[in-house]
Structures are given as C-alpha cells and as structure tokens.
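Asks: Build the 3D model from these lines:
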Amino acid sequence: MPGADSFSESALPFAVETFGLTKLYGRTAAVSNLDLRVRRGTFFGFLGPNGAGKSTTIKMLSGLVLPTSGRAIVAGHDVVAEPLLVKASIGVLPEDASTYERLTARELLTFTGRMRALPRAEVERRSKGLLDLMEFAESDRDKLVVDFSTGMKKKIALATALVGNPRVLFLDEPFNGIDAVTARSIRKALQDLTQKGVTILFSSHVLELVEKLCTEIAILNRGVLCAQGSLADIRAALSLSPDASLEDAFVSVAGAREPGETDLSWIG
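Replies: Numbering: from 1, shown residues only. Take a look at the predicted model:
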C-alpha cells in the first residue's frame with residue numbers, strides 16, 4: 001500500500017469534495033445531498049447538533065461507510081473507487097476511539113506505522129516525536145494501553161492518527177479528556193501542520209475552540225448543509241449582526257429551544 005508521503009501535492013485546490021453525498025438508513029436520511037468543498041491546508045470546523053450527520057459524513061469520507069448515492073473525493077481519490085489510496089492519505093480520530101489495548105503505547109505506534117509500510121527506523125523516529133508531543137512520561141511509553149486513563153488513551157489514539165503523515169486528518173472531539181497543557185501543545189502542532197498543506201476536518205461541541213482554531217466552518221442540521229464559509233460569511237448568510245458569535249450562528253441554524261416550565265423546586 002502506498003504511504004501518504006507518496007501522495008502528489010498537485011495543483012488540486014480542494015482536499016475534500018463531495019457531490020450530492022447521501023446516506024440513507026431505511027427511509028431516514030442521515031446525510032442528504034451534501035455538496036462540500038474543503039480547501040487544502042484548511043483548519044476546517046465541521047459542526048452540528050447531535051444527530052446532524054457529522055459522524056456519518058466522516059465515516060463516508062474515510063471509507064468506513066459506503067454512501068447510498070453521490071460521490072466523495074478525498075486527497076484527490078474517489079472514496080468508493082480508490083479506497084486504499086484514500087486510507088493511505090488520511091488519519092482518523094473518532095470521538096470514541098478504540099484500539100489494541102493489549103499493546104503498549106510504543107508497540108501501538110510501531111504496529112500502526114508498519115501497517116502503513118513505513119521502514120522500522122522511520123517508525124521509531126516518528127514515534128519518539130509523537131510521544132514527546134503528547135507528553136508521555138518515559139515510564140508510560142511501555143505501559144499497556146488498557147491501563148491508561150481516558151485522556152492518555154485519547155492522546156495515543158491521536159498519535160496513531162498522525163504517525164502516517166496524513167494529508168487529510170479527521171478529528172472528532174480530539175481534546176476531550178486531555179489536560180490543558182498538552183491540549184495547547186497539540187493545538188500548536190495541528191496549526192503547524194496546516195501550514196505544511198495538511199487539511200484538518202475538526203468536529204467539536206466546544207464552539208469557542210472551533211472559533212479560535214478554524215478558518216472555515218460548515219454547519220449541518222438533520223443531514224443538510226445549512227451554512228459554510230468563514231464566520232463572517234456565515235453571519236452574512238444567516239443575516240446575523242457583524243459581532244455575532246459562532247454560538248449565535250450555531251443556535252440560529254440548529255434552532256433555539258426555549259426552556260420549559262420545569263419544577264425543580266425539590267432540588268436544594
């Protein structure tokens with residue numbers, strides 16, 4: 001399998017393109033007629049309320065789920081016609097990352113790198129850099145993943161997503177459970193990656209973080225793309241004030257819910 005390093009950085013302006021991408025479960029459309037374009041080297045926020053279709057879209061783009069109809073191109077490759085080339089060009093961190101917990105952190109990175117056909121010496125070099133970035137103590141690097149805390153499991157899962165040097169990186173709630181100091185280091189590293197042409201599709205419910213990191217944003221609701229562009233573009237498209245926050249835009253798309261009259265007098 002060719003590694004992501006062999007991917008030609010041609011003049012393609014878009015790292016991700018979808019054309020009428022649709023996924024049906026029975027008669028229910030999890031994603032409906034999605035037309036999405038993500039420019040190469042973009043830190044792209046992918047937002048929506050629970051059940052909006054974000055995870056389903058990411059699964060289709062990464063080749064884990066076949067679309068019902070439509071087409072998707074990732075890193076210049078068709079996700080249905082060229083699934084191995086797509087997988088060689090991407091890294092994926094799902095929200096509930098599961099992995100081989102009976103391996104140590106170092107073994108897991110070695111396994112992942114070798115599965116991507118990287119030379120052993122290169123795997124060792126990348127593994128050391130990633131374990132340093134994730135601030136793993138030397139004593140933890142040879143500890144079984146099953147014994148890790150939730151935050152440490154998230155960090156090693158992110159490291160495995162990065163070890164193949166992906167051209168497109170899909171991150172679903174990557175900072176959940178990670179301490180503030182490590183999160184800051186990871187954010188800086190991810191921002192540096194975009195400067196090298198790596199595209200990051202970032203999904204999070206922490207809107208302040210998305211607003212801080214992302215140069216472009218898409219908001220889905222009920223499987224439909226409702227808004228895309230910079231925050232200024234989205235404000236204009238939704239007829240919001242120039243100082244409206246991303247939270248204001250999100251609520252405008254998702255629909256505000258008025259709190260009901262709930263009797264909580266029994267608390268306290």
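
Asks: quick one: the residue positioned nearest the centre of the chain from residue 178, how far?
Replies: Residue closest to the mean C-alpha point of the chain, counted by Cα atoms, centre = their mean, is residue 171 at 2.0 Å. Going from residue 171 to residue 178 by Cβ to Cβ, to the nearest Å gives 12 Å. Backbone N, C-alpha and C define where each C-beta goes, glycine included.

Asks: On the three-state scheme, the residue nearest to residue 110 when sequence neighbours are not counted is what?
Replies: Spatial nearest neighbour of residue 110, chain neighbours left out: residue 123 (5.4 Å); criterion: Cβ to Cβ, 6 or more residues apart in numbering. State at residue 123, reduced to three classes by DSSP: H, G, I helix; E, B strand; the rest coil: helix.

Asks: and residue 123, what is it in contact with?
Replies: When contacts are counted by Cβ atoms under 8 Å, 6 or more residues apart in numbering, residue 123 is found next to 109-110, 113-114, 163.

Asks: taking the residues you listed one by one, which sit in strands?
Replies: Among those, no member falls in strands (DSSP state E).

Asks: Dump the helix or strand where residue 132 lies to CSV, restricted to CA.
Replies: Per DSSP states H and E, residue 132 falls inside helix 120-133. This file holds the C-alpha atoms of helix 120-133, laid out as CSV (Å, rounded to 0.1, in the frame of the first residue of the first chain):
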residue,chain,number,x,y,z
ARG,A,120,11.2,0.5,11.1
ALA,A,121,13.8,3.2,11.7
GLU,A,122,11.3,5.8,10.4
VAL,A,123,8.6,4.5,12.6
GLU,A,124,10.8,4.7,15.7
ARG,A,125,11.8,8.3,14.7
ARG,A,126,8.1,9.4,14.3
SER,A,127,7.0,7.5,17.4
LYS,A,128,9.5,9.3,19.6
GLY,A,129,8.5,12.7,18.3
LEU,A,130,4.8,11.9,18.8
LEU,A,131,5.2,10.5,22.3
ASP,A,132,7.2,13.7,23.1
LEU,A,133,4.5,15.9,21.7
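
Asks: For the residue nearest to residue 110, report the pLDDT, please.
Replies: In this prediction, residue 123 carries a pLDDT score of 96.

Asks: Confirm that residue 63 sits in a helix.
Replies: No: under the criterion used here (three-state DSSP), residue 63 is coil, not part of a helix.

Asks: Report how many residues lie close to the nearest residue to it once chain neighbours are set aside.
Replies: Spatial nearest neighbour of residue 63, excluding adjacent residues (Cβ to Cβ, 6+ apart): residue 83 at 4.5 Å. Counted by other Cβ atoms under 10 Å, the residues lying close to residue 83 total 16.

Asks: For residue 174, which non-adjacent residue is closest in space?
Replies: residue 93 is the one closest to residue 174 (Cβ to Cβ, 6+ apart), at 5.4 Å.

Asks: beta partners for the one you found?
Replies: residue 171 (DSSP bridges).

Asks: Show the pLDDT at it.
Replies: Residue-level pLDDT assigned to residue 93 equals 90.

Asks: now swap in residue 204 and tell me
Replies: On pLDDT, residue 204 comes in at 89.

Asks: residue ranges for the helices of the stretch 1-150 of the chain, please.
Replies: For the stretch 1-150 of the chain, applying DSSP state H, counting those that start in this stretch gives helices covering 54-61, 83-89, 105-115, 120-133, 150-162.

Asks: Out of those helices, which is closest to residue 230?
Replies: Across the helices of the stretch 1-150 of the chain, residue 230 has its closest neighbour in helix 54-61 (19.3 Å, Cβ to Cβ).
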